[in-house]
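S.K.: Turn this into a model:
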Amino acid sequence: METGEGRPGVAATLRALNGALGRPAGLWVKESGARNLRHRDFLAPRAALSAAFPGGQVPAGVMAGVESLAGPGVLAVRGCQETPAGLAVQLRRPEAFRRLLGSPAGPAEPRAGWVVLHCPALRGPAAPRPRHLRALLLAEHLAQLLRAQGVGVRLVPALAEEGSREVLRQLRIDWPSSSGGSALPDAVSALKQALGRSPFAAACEQGPGTAVLPEGVICKVHLKSFVEQQGLVGYDPNLDVVLVTEGKLWSLAELQQAVLQCTAGGQGSCGSIVHVVNCEEEFQQQQLDLLWRILDPGAHTGLQKHLVCGPVKVTNPSSPIGADQYFQLRKRQMYEASVMKYGELAQDEAWTEVIDTLTVATIRFEMLSTAHRSQGEWLLLFNYLLPFPEVLQQAAQLPAPTKGIQITANTETVCKFLIQLSMDFSSYYNRVHVLGEPFPHLFEQMFARLRLLGAVRDVFHSALATLNLPPLSQI
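M.R.: This next block holds a predicted model:
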């Protein structure tokens, strides 16, 4: 990150523009379309000006303040003028290029706090299915985004099943494995003692006319009474009684241990526990949430939030496939597409790596994004290089605590950002001859464009890293 001037940013510039107009509300909009960027970079629309100033006329002193904007992270203004559309601002673009491309960005400043990301899809005895992948990929991607912002992250549960490890290895999902010497047995014993003391727990009655209980049931806990007593909101109204098993207590013990590791690791007491679940697991996870609150009334159990993923639809639900079969299907399709483009491929290690990486990328983008498009050198810098750190920050941002238990995350913004950047960069590269004729008067332009391409490459690599995807040298 630059010293002195500070890395220029969209958010800092917008704050300065709003301050110059004396309005805390967001009057300004950032332009992104190639047509408008020919004439302006920011616009305060006419309707907003009419509401802010008598007759919509901006005082000369205010205009002068806009034109003389300065400050850390604020882009310098070249000119400000009244137009039929509103108050238009154009930046000093050469200076913006120099500041953004002149020195590499430093690492993100560490932020206080921690997040435990819990993905119950990994707790099943069988290998994950495609319906589990969205929650799993979302949790891992969110972990990468949060770490890039300096947040401490713990992933739960640790992998134990060999089948799950192999599937995750194929999909290049970086997830911790279980290790020996765990303190979980003692934690489970403590939870059992808490069950014996809880007024919401009761023994399961067995006798004639009663339903046969599943194996391993310890007791039952009345969740509805607890929800009503605590005045909790956002939970399914059908939650009533949960049958407590040894497996549920082990799950809670692992969550407890993750929280203790976060708070004991110098990451502060400010944190959150996010259960990343698909919609089919939501009810069961709410049961576990409430059971944890009952047995462990510490402040951390009140930090729980639920990030619920929508269903993954398959074309033939009568014959479900596993995640490993889904990977092999996409890998075969990727290989066939490459053969159509390049002919029969050499069966060497390099091409195998390329096909595997493209397969993983295809699956991740299928699960985490929707496609869209747009299109220009300033456009690349203004729409992508400049706001990229804010894109990562937005994607990693978890909302402030609310009364409900569900939250949303904006992790899809990285995939959308990459799709948009790929299309616009492809359009730019096909249209602009970066390596021009070898004439001395063209060298400066060529070197400037090469530096721009280097910055775009770094953005691609950084964004792909949050998806745990390595950059390819050939495709």
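
S.K.: Mind giving me the packing neighbours of the helix or strand bottoming out on mean pLDDT in the chain?
M.R.: Averaged element by element with mean pLDDT, DSSP states H and E, the chain has its least confident helix or strand at helix 378-380 (a mean of 74). The contact analysis (3 or more Cβ pairs under 8 Å, 6 or more residues apart in numbering; DSSP states H and E) places helix 378-380 against helix 34-37, helix 412-431. In this view, the C-beta of every residue, glycine as well, is placed from N, C-alpha and C.

S.K.: ok, residues contacting it?
M.R.: The contact list for helix 378-380 (Cβ atoms under 8 Å, 6 or more residues apart in numbering) reads S32, A34, L37, R93, L421, D424, F425, Y428, L452, V456.

S.K.: roughly how far is that helix from the heart of the chain?
M.R.: 24 Å (Cα atoms, centre = their mean, to the nearest Å).

S.K.: would you turn the contacts of helix 378-380 into JSON lines with neighbour count, distance to Q328 and pLDDT?
M.R.: Below are the contacts of helix 378-380 laid out as JSON lines (neighbours: other Cβ atoms under 10 Å; distance: Cβ to Cβ, whole Å; pLDDT from 0 to 100):
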{"residue": "S32", "neighbour count": "14", "distance to Q328": "40", "pLDDT": "86"}
{"residue": "A34", "neighbour count": "15", "distance to Q328": "41", "pLDDT": "81"}
{"residue": "L37", "neighbour count": "18", "distance to Q328": "45", "pLDDT": "87"}
{"residue": "R93", "neighbour count": "17", "distance to Q328": "49", "pLDDT": "87"}
{"residue": "L421", "neighbour count": "21", "distance to Q328": "30", "pLDDT": "87"}
{"residue": "D424", "neighbour count": "20", "distance to Q328": "33", "pLDDT": "82"}
{"residue": "F425", "neighbour count": "19", "distance to Q328": "31", "pLDDT": "82"}
{"residue": "Y428", "neighbour count": "19", "distance to Q328": "36", "pLDDT": "74"}
{"residue": "L452", "neighbour count": "20", "distance to Q328": "40", "pLDDT": "81"}
{"residue": "V456", "neighbour count": "20", "distance to Q328": "33", "pLDDT": "85"}
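
S.K.: Just say which of the helices and strands packed on helix 378-380 is most tucked in.
M.R.: Highest mean neighbour count of those: helix 412-431, a mean of 17 (counted as mean count of other Cβ atoms under 10 Å).

S.K.: For D186, grab phi and psi.
M.R.: phi -70, psi -40 (degrees, to the nearest 10).

S.K.: residues near P311, how many?
M.R.: 10 (other Cβ atoms under 10 Å).

S.K.: Can you name the residues that contact it?
M.R.: Counted by Cβ under 8 Å, 6+ apart, P311 has contacts R131, N278, C279, E280.

S.K.: which SS class is it?
M.R.: coil (DSSP: H, G, I helix; E, B strand; the rest coil).

S.K.: Residues touching stretch 290-301, excluding its own?
M.R.: Contacts for stretch 290-301 (Cβ under 8 Å, 6+ apart): 191, 194-195, 198, 200-201, 221, 223, 226-227, 230, 232, 235, 239, 242, 244, 248, 252, 255-256, 259, 263, 271, 273, 302, 304.

S.K.: Does anything pack onto the longest helix along the chain? Which helices or strands?
M.R.: Longest helix in the chain by number of residues (criterion: DSSP state H): helix 440-466. Under the contact criterion of 3+ Cβ pairs under 8 Å, 6+ apart, helix 440-466 touches helix 93-101, helix 130-148, helix 388-396, helix 412-431.

S.K.: in whatever helix or strand S164 lives in, what counts as buried?
M.R.: Assessed by DSSP states H and E, S164 sits inside helix 162-170. For helix 162-170, the neighbour count (16 or more other Cβ atoms under 10 Å) marks S164, V167, L168, Q170 as buried.

S.K.: so it versus helix 130-148, what angle?
M.R.: Interaxial angle of helix 162-170 relative to helix 130-148 (axes from the mean of the first three to the mean of the last three Cα atoms, to 10 degrees): 60 degrees.

S.K.: Return the list of helices and strands in contact with helix 162-170.
M.R.: helix 323-342.

S.K.: one more time with 10 Å
M.R.: Counting contacts by 3 or more Cβ pairs under 10 Å, 6 or more residues apart in numbering; DSSP states H and E, helix 162-170 is packed against helix 130-148, helix 323-342, helix 349-368.

S.K.: Distance-wise, check A139 relative to P157.
M.R.: Per Cβ to Cβ, to the nearest Å, A139 is found 11 Å from P157.

S.K.: same question, P297
M.R.: Taken as Cβ to Cβ, the span from P297 to P157 is 23 Å.

S.K.: Settle it for me: which of those two has more neighbours?
M.R.: Higher neighbour count among P297 and P157: P157, with 19 against 12, using other Cβ under 10 Å.

S.K.: Appreciated, that's everything.
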